[in-house]
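Peer 1: show me the folded form of this:
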Amino acid sequence: MHVNHYYDNNTCVSHNLEQAIDINTWSIRRFKLIFEKNEEGINPVNYKEKRKEVKAMLLTDQLLLVLCRLRNGLHIKDLAYRFNIKPKSVSVIFKSVILYMYLKLGYLSYWPHRDTIIQNMPQQYKQEFPICLAIIDCTEFKKTEKPSSLKSQDPRGSVIFVSDLFSGSISDNEICKESGFYKLLQQLKDQGYLQDNNGIMANKEKDLGELNLRLNIPPFASTATQMSSGDVALTRKIAAHRIPIERKISKL
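Peer 2: Residues are numbered from 1 along each chain as shown. You can find the predicted model right below:
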């Protein structure tokens, strides 16, 4: 596979912006919009480590490097080759610019309006769960203390909520409460982003009663009775639509 250099000693990404943006499937307009949000005439980024080749790169090029990693998950060595810098410089740029982007863009809403979510639902999902607007899951990170975290994504696969980590013995419901997720859902309802009976998909019971939201979970068979064919079909549908969030979690 041929990999293009985006950057060398005599040019910069800005001169080949269309070619560089193409790898991210981003439009020039979107890129410039983010760049304008982060530009203040001079480079305002506070770098964790001072390196000459980092200082020599335009902020535009550094921002594109960060977007390449966020959008496509490109490896640090891959980005180092594309931008003709050392892997250590890639790490310094990514950590520093991503923090600055958060400080500048963190106030923006990351949970789309219900109309936007419904409009962009995959066709199969829309047929089966037309008003289920988010898929959530709590997972343990396989470390010594196994801290747990709550994640939510929209039906298209975009991550729209990630909680802090919680250690020790804690239930999914407690994480939903302590992370502020239930509070966020109420705020979204108050702002019109969610409505009564909109759905949340999960793999087990959650306490959404006071929020008046619908919970879509797989039916559970008891030891005394066998699951009906309808319950089996619903379980398979939910499992199929939960695959994207499980894949996202596996990458963390």
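
Peer 1: only C-alpha atoms from now on, for both contacts and neighbour counts.
Peer 2: Noted.

Peer 1: now whichever helix in the chain runs longest, how far from the centre of its chain.
Peer 2: Criterion DSSP state H: the longest helix present in the chain is helix 229-250. Between the centre of helix 229-250 and the centre of its chain there are 19 Å (Cα atoms, centre = their mean, to the nearest Å).

Peer 1: what's the average pLDDT for that helix?
Peer 2: The average pLDDT within helix 229-250 is 78.

Peer 1: how about the helices in the stretch 51-200 of the chain?
Peer 2: Per DSSP state H, counting those that start in this stretch, the stretch 51-200 of the chain carries helices over the ranges 52-56, 59-72, 76-83, 87-105, 114-119, 123-128, 172-178, 181-190.

Peer 1: tell me which of the ones you listed lies nearest to residue 161.
Peer 2: helix 181-190 (8.2 Å; Cα to Cα).

Peer 1: put the alpha carbons of the closest one into PDB.
Peer 2: Output of helix 181-190 as PDB, limited to C-alpha atoms (Å, rounded to 0.1, in the frame of the first residue of the first chain):
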ATOM      1  CA  PHE A 181     -25.800  10.200  33.100                       C
ATOM      2  CA  TYR A 182     -29.300  10.200  34.500                       C
ATOM      3  CA  LYS A 183     -29.000  14.000  35.200                       C
ATOM      4  CA  LEU A 184     -27.800  14.500  31.600                       C
ATOM      5  CA  LEU A 185     -30.800  12.700  30.200                       C
ATOM      6  CA  GLN A 186     -33.100  14.900  32.300                       C
ATOM      7  CA  GLN A 187     -31.300  18.000  31.000                       C
ATOM      8  CA  LEU A 188     -31.600  16.800  27.400                       C
ATOM      9  CA  LYS A 189     -35.400  16.400  28.000                       C
ATOM     10  CA  ASP A 190     -35.700  19.800  29.500                       C
END
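
Peer 1: what residues of stretch 226-242 count as buried?
Peer 2: 234-235, 237-239, 241-242 (16 or more other Cα atoms under 10 Å).

Peer 1: apologies, that question was intended for stretch 208-225.
Peer 2: Neighbour-count burial for stretch 208-225 [16+ other Cα under 10 Å]: 213-219.

Peer 1: now that stretch, how far from the chain's geometric center?
Peer 2: Taking Cα atoms, centre = their mean, one finds stretch 208-225 lying 26 Å from the centre of the chain it belongs to.

Peer 1: kindly report the same for stretch 170-190.
Peer 2: From the chain centre to the centre of stretch 170-190 is a distance of 18 Å (Cα atoms, centre = their mean).

Peer 1: can you list the buried residues in that stretch?
Peer 2: 172-173, 175-176, 179, 181-182, 185-186, 188-189.

Peer 1: what residues does it touch?
Peer 2: Contact with stretch 170-190 is made by 138, 149-150, 163-164, 166, 194-196, 206-208, 211, as judged by Cα atoms under 8 Å, 6 or more residues apart in numbering.

Peer 1: low-confidence stretches in the protein?
Peer 2: Within the chain, the ranges that satisfy pLDDT under 70 run 1-28, 30-42, 140-146, 221-225, 248-252.

Peer 1: 80 instead, please
Peer 2: 1-44, 48, 71-72, 104-109, 139-147, 167-169, 204-209, 219-227, 231, 244-252 (pLDDT under 80).

Peer 1: give me the most central residue, it.
Peer 2: The centroid of the chain falls nearest to residue 159 when counting by Cα atoms, centre = their mean (3.0 Å).
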